[in-house]
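[1] after the sequence you'll find the predicted model.
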Amino acid sequence: MKHHLKQWRGLLFSLLLVGAMSSLTSCGNDEPSATTIDYYLEVEEEFLVNGSSDLAEHYYNPIKRMREAIRKVYPVPNAEGNDNAVLAACDAEYKEFCEMYTGADEHFTCLFTLKRAVKKGYVVKQSEKLRTYLYDINPFSPSTDE
């Protein structure tokens, strides 16, 4: 009888071990493997008002607006991409922002680059610069003392 009890314990232990191992192993790669095209901004100079970030929160942020413009025309990354639509949306946003603040008393600056990324899952495999946007709205003119 003792011999059968040891065999049952061994069998139960083996089943428990196999069950634990099968629940902890993955059935494959959880990362999506499809190649997609996405667009992002590489910020080189943050949005500044009169050379400071202190007042920037009181104005529309061109970086945030540009990201929203990209997602409006290209909401979900796909295998084809859409450079023309993204560039058109970014150019229109740049123009609108500049027109909105041209003539104001403040000096607005910002610099970023629109990039096209080829991604495999979540990993960027390659990126390409599409266009650089320089905001220099209402620059201070040097004072001329005569």
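    All right, it came through fine.

[2] with adjacent residues omitted, what lies nearest to residue 61?
    Residue nearest to residue 61 in three dimensions, not counting chain neighbours: residue 47, with 5.2 Å by C-beta to C-beta, 6 or more residues apart in numbering. For the C-beta atoms, the positions are set from N, CA and C on the backbone; glycine is no exception.

[3] what's the one helix or strand that neighbour maps to packed up against?
    Element membership of residue 47 [criterion: DSSP states H and E] is strand 35-49. Where contact means 3 or more C-beta pairs under 8 Å, 6 or more residues apart in numbering; DSSP states H and E, strand 35-49 is packed against helix 62-73, strand 108-120, strand 123-137.

[4] how close does the closest residue to residue 46 other than its chain neighbours sit to residue 43?
    Among residues not flanking residue 46 along the chain, residue 53 sits closest, at 6.3 Å (C-beta to C-beta, 6+ apart). Residue 53 sits 12 Å away from residue 43 when distances are taken as C-beta to C-beta, to the nearest Å.

[5] more crowded one of these two?
    The residue with more neighbours, out of residue 53 and residue 43, is residue 43; 13 against 10, by other C-beta atoms under 10 Å.

[6] lowest average confidence, helix or strand, in the chain?
    Ranking every helix and strand in the chain by mean pLDDT, DSSP states H and E puts helix 2-24 at the bottom, with a mean of 67.

[7] spatially nearest residue to the residue nearest the centre of the chain (excluding sequence neighbours)?
    Nearest residue to the geometric centre of the chain (C-alpha atoms, centre = their mean): residue 40, 5.1 Å. Distance criterion C-beta to C-beta, 6+ apart; nearest residue to residue 40, sequence neighbours excluded, is residue 115 at 5.6 Å.

[8] run a quick neighbour tally on that neighbour.
    As a burial measure, residue 115 scores 16 neighbours (other C-beta under 10 Å).
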